[in-house]
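Q: My questions concern the predicted model and sequence given below.
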Amino acid sequence: MLPAVRSRSRVAAAFGERLMIKSAILAGAAAIGLLAGTASAQTSEDTTKRYLAVIKDKNAVLHAVIVTNPHALADARALDAERKAGKLRSALHGVPILLKDNIESADDTATTAGSLALKDNVTNRDAPLVKRLTDAGLVVLGKANLSEWANIRSSKSISGWSAIGGTVRNPYVLDRSACGSSSGSGAAVAAGLAPLAIGTETDGSITCPAAINGLVGLKPTVGLVSRTHIVPISHSQDTAGPMTTTVEDAAKVLTVIAGSDPADVATKDADTHKTDYAAGLSKDALKGVKLAVARFYTGYSPKTDAVFEQALKDLRVQGAILVDVKEFDEGPIGKAEGVVLYTELKADMAAYLASTDPKQVKSRTLADLIAFNKATPKEFEWFGQESFEKAEKTKGLTDPDYLKALADSKRMAGPEGIDKILKDTGAVAIVAPTTGPAWTIDPLNGDNYGGSSTTLPAVAGYPHLTVPMGDVTGLPVGLSFIGPAWSEQRLLNLGYAYEQATHHRKPPTFLKTIAP
């Protein structure tokens, strides 16, 4: 979940982090052959060792990783043996990946959602998406830090803070936010702690940290990727997705994790829609394509708007036809979304907690978590739990107010929102700035967040891709491609063509601060 809305500031002070940059480059170079699916002097074991060394070297500053997988090197060695024997499981065979720490994995690590209430939650269950990753030969490096409880505990929270992991730092400027809730996934990939990561999104939690950390991030259609054994917020909006440095890598990861899961009814049609998303990516995908420009998602960050205008010029140069959409009232959608998320949080959290071992997880309901937090000073170090308390007051999944809010929000965001914009303009996708540049971390006042283009696709359950579009004085900003349900292949193709024409991603600078 994104933070509540607010504003920003800027300029530069050098910081002696050359070793951090060098180690990130070395680790990234070690994975190039593996990511490309080519034979390489670097084995998976070598590459995994390098990333684990970078994590050890840099995580004390970045707080991007909560725990590393104790079996990672053994897993890498086994995959090297398979490669030597002529067996390759996928294009990502032997490549390391980080998981957001609300996703379960059967590797003796706890799945905590950043909360001390789940510090002993060692389920030794693989979420189906993790099973898909390991079956495809990826090496799970460990668990990435996150905004605690995926940023649903408080409207006055600090993005990227968890009681277990501390505060994730933005590797471009260390006193700036990495956004949330998949903050650790974003910061880790940007800083070279891992080549790939999985994040989760309810509203903005993949796309915001991806944009702010200079990455490609994809929030898939809800129901394309299983949510089983992932700590939930909302079964109507939750989804997992890839966070990577390139569109091609995001497409490869999505190809692995997409698919139906009998335990997640939302995924019943996933197998009929999934494809090889990396196949056929074309630099010419923007030629003759009509795109709707969401002008109603501008105005909160003039410097981001300037970068966006250049992105529109770049799209035109690549042959895209742009149609402006100046107005859309998102207010009623946001109000209905709140009712849906709070109601589903209470029910879905209870269902998840009931699936855990009561000897490891004493809290069995949202009310129990509220009581635990009140009794645990560390949890209230910087902010409270007013969102949890609102959710606890909801009346369940049969409540008429909830059912109306769910129907209204889906209708307004989908058929009357994204679908109508595309129909009225004849466009195949919507483009918008993803969000503004990273704000300064402020533990006393919370997030100083301006705005984003995340809510329409989040509430509709439609796909949303963000690709680096440049920077605001060294702080990355992203360009969003938003489409109808199941349009991941189209969005990835559009994003790939834009990425290949512009190459806006730059490695992080690890500046200590920027100031007037």
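A: Received, thanks. Worth saying up front: this structure is predicted, and the values here are computed from it rather than measured.

Q: alpha carbons only for contacts and neighbour counts from here, please
A: Fine.

Q: what residue ranges in this protein score low on pLDDT?
A: The chain contains residues with pLDDT under 70 at 3-33, 36-41.

Q: where exactly do the strands run in it?
A: Shown for the chain, the strands assigned by DSSP state E span residues 65-68, 96-100, 139-144, 161-162, 166-167, 196-201, 216-219, 239-244, 290-294, 321-325, 429-433, 464-472, 475-482.

Q: The ones you listed: which one's closest to Asn445?
A: Closest to Asn445 of the strands of the chain is strand 161-162 (CA to CA; 13.5 Å).

Q: Quick one: residues in contact with that closest one.
A: 114-115, 145-148, 167-168 (CA atoms under 8 Å, 6 or more residues apart in numbering).

Q: Direction included, what does that strand pair up with?
A: Sheet pairing for strand 161-162, assigned by DSSP bridges, gives strand 166-167 (antiparallel).

Q: Quick one: residues in contact with the strand it pairs with.
A: Contacts of strand 166-167 (CA under 8 Å, 6+ apart): 62-63, 159-161.

Q: Relative to the whole chain's centre, how far out is that strand?
A: Mean-position distance between strand 166-167 and its chain equals 17 Å (CA atoms, centre = their mean, to the nearest Å).

Q: Looking at the chain, which residue reaches furthest from the middle?
A: Ala85 (35.4 Å; CA atoms, centre = their mean).

Q: picking up where we left off before, which one of the contacts of strand 161-162 is nearest Leu397?
A: Glu148 (24.3 Å).

Q: That closest one reaches Leu116, doesn't it?
A: No. Glu148 lies out of contact with Leu116 (CA atoms under 8 Å); the separation is 9.7 Å.

Q: Tell me where the stretch 251-400 of the chain has helices.
A: With helices called from DSSP state H, counting those that start in this stretch, the stretch 251-400 of the chain shows them at 270-273, 302-317, 331-354, 366-374, 386-392, 400-413.

Q: what comes into contact with the fourth one?
A: It stands for helix 366-374. With CA under 8 Å, 6+ apart, helix 366-374 has contacts from 117, 346, 349-350, 363, 379-380, 385, 388-389, 392.

Q: okay, the angle between that helix and helix 331-354?
A: 90 degrees (axes from the mean of the first three to the mean of the last three CA atoms, to 10 degrees).

Q: in helix 366-374, what counts as buried?
A: Neighbour-count burial for helix 366-374 flags 366-367, 369-370, 372-373 (criterion: 16 or more other CA atoms under 10 Å).

Q: go on, the third one?
A: Buried residues in helix 331-354, defined by neighbour count with 16+ other CA under 10 Å: 333-334, 336-350, 352-353.

Q: And the fifth one, by the same measure?
A: Buried residues in helix 386-392, defined by neighbour count with 16+ other CA under 10 Å: 387-392.

Q: C-alpha coordinates for that helix, CSV please?
A: Backbone C-alpha positions of helix 386-392 (Å, rounded to 0.1, in the frame of the first residue of the first chain) are rendered in CSV as follows:
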residue,chain,number,x,y,z
GLU,A,386,-5.3,3.4,13.4
SER,A,387,-5.8,1.5,10.1
PHE,A,388,-5.8,-1.8,11.9
GLU,A,389,-8.3,-0.4,14.3
LYS,A,390,-10.6,0.8,11.5
ALA,A,391,-10.4,-2.6,9.9
GLU,A,392,-11.3,-4.3,13.2
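
Q: Remind me what that helix packs against, helices and strands.
A: Contact here means 3 or more CA pairs under 8 Å, 6 or more residues apart in numbering; DSSP states H and E; on that basis helix 386-392 packs against helix 331-354, helix 366-374.

Q: Can you add distance to Asp80 and give the helices of the stretch 251-400 of the chain back as CSV?
A: Below are those laid out as CSV (distance: least, CA to CA, whole Å):
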stretch, distance to Asp80
helix 270-273, 30
helix 302-317, 42
helix 331-354, 36
helix 366-374, 43
helix 386-392, 46
helix 400-413, 47
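
Q: I'd like to know which of those is closest to Gly495.
A: helix 302-317 (10.2 Å).

Q: now the closest one: how far from the chain's centre is it?
A: Counting by CA atoms, centre = their mean, helix 302-317 comes out at 24 Å from the chain centroid.

Q: quick one: it to strand 429-433, angle?
A: Inter-element angle recorded for helix 302-317 and strand 429-433: 140 degrees (by the same axes, to 10 degrees).

Q: And for helix 302-317, what's in contact with it?
A: Taking CA under 8 Å, 6+ apart as the rule, helix 302-317 contacts 286, 298-299, 322, 432-433, 435-437, 469-472, 477, 479, 498, 501-502.

Q: Export stretch 84-104 to CSV, keeping only CA atoms.
A: C-alpha atoms of stretch 84-104 as CSV (Å, rounded to 0.1, in the frame of the first residue of the first chain):
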residue,chain,number,x,y,z
LYS,A,84,26.9,-29.4,-16.4
ALA,A,85,24.8,-32.5,-17.1
GLY,A,86,23.0,-30.6,-19.9
LYS,A,87,19.8,-29.8,-18.1
LEU,A,88,18.4,-26.3,-18.1
ARG,A,89,15.1,-25.8,-16.4
SER,A,90,14.4,-22.3,-17.9
ALA,A,91,16.0,-19.2,-19.3
LEU,A,92,16.5,-18.2,-15.6
HIS,A,93,18.3,-21.4,-14.5
GLY,A,94,20.6,-20.6,-11.7
VAL,A,95,19.7,-17.0,-11.3
PRO,A,96,19.3,-15.6,-7.8
ILE,A,97,16.1,-13.8,-6.7
LEU,A,98,14.8,-12.1,-3.6
LEU,A,99,11.3,-12.6,-2.1
LYS,A,100,9.4,-9.9,-0.3
ASP,A,101,9.1,-11.0,3.3
ASN,A,102,5.4,-11.6,3.2
ILE,A,103,5.9,-14.6,0.8
GLU,A,104,6.4,-18.0,2.3
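
Q: Please report how far the residue nearest the centre of the chain lies from Arg490.
A: Most central in the chain under CA atoms, centre = their mean is Ile206, positioned 2.0 Å from the mean C-alpha point. Per CA to CA, to the nearest Å, Ile206 is found 19 Å from Arg490.

Q: Tell me, how many residues neighbour Asn145?
A: Asn145 is flanked by 35 other residues according to other CA atoms under 10 Å.

Q: got the contact list for it?
A: 63-66, 100-101, 114, 160, 162, 165, 168, 182-185.

Q: so which of those would you say is closest to Ala294?
A: Among the contacts of Asn145, and counting by CA to CA, the member closest to Ala294 is Ser182, at 24.8 Å.

Q: Correct me if wrong: that closest one contacts Ser147.
A: Yes. Between Ser182 and Ser147 there is a contact at 6.9 Å, judged by CA under 8 Å.

Q: Pick out whichever of these two has more residues nearby.
A: Using other CA under 10 Å, the more surrounded residue of Ser182 and Ser147 is Ser182, with 39 against 34.

Q: If you drop the residues flanking it in sequence, what lies closest to Gly414?
A: Ala460 (4.7 Å; CA to CA, 6 or more residues apart in numbering).

Q: Same question for Gly319.
A: The nearest residue in space to Gly319 (CA to CA, 6+ apart) is Lys287, at 4.1 Å.

Q: what's the neighbour count on the one you found?
A: 16.

Q: Then the one 5 residues further on?
A: Neighbours of Ala292 under the rule other CA under 10 Å: 25.

Q: and what of the one 4 residues further on?
A: The number of residues packed around Phe296, counting by other CA under 10 Å, is 15.

Q: what's it in contact with, if anything?
A: 325-328.

Q: what do you get for Cys179?
A: Contact partners of Cys179, counting by CA under 8 Å, 6+ apart, are 2, 159-160, 205, 208-209, 212, 438.

Q: Thanks again, I'm all set now.
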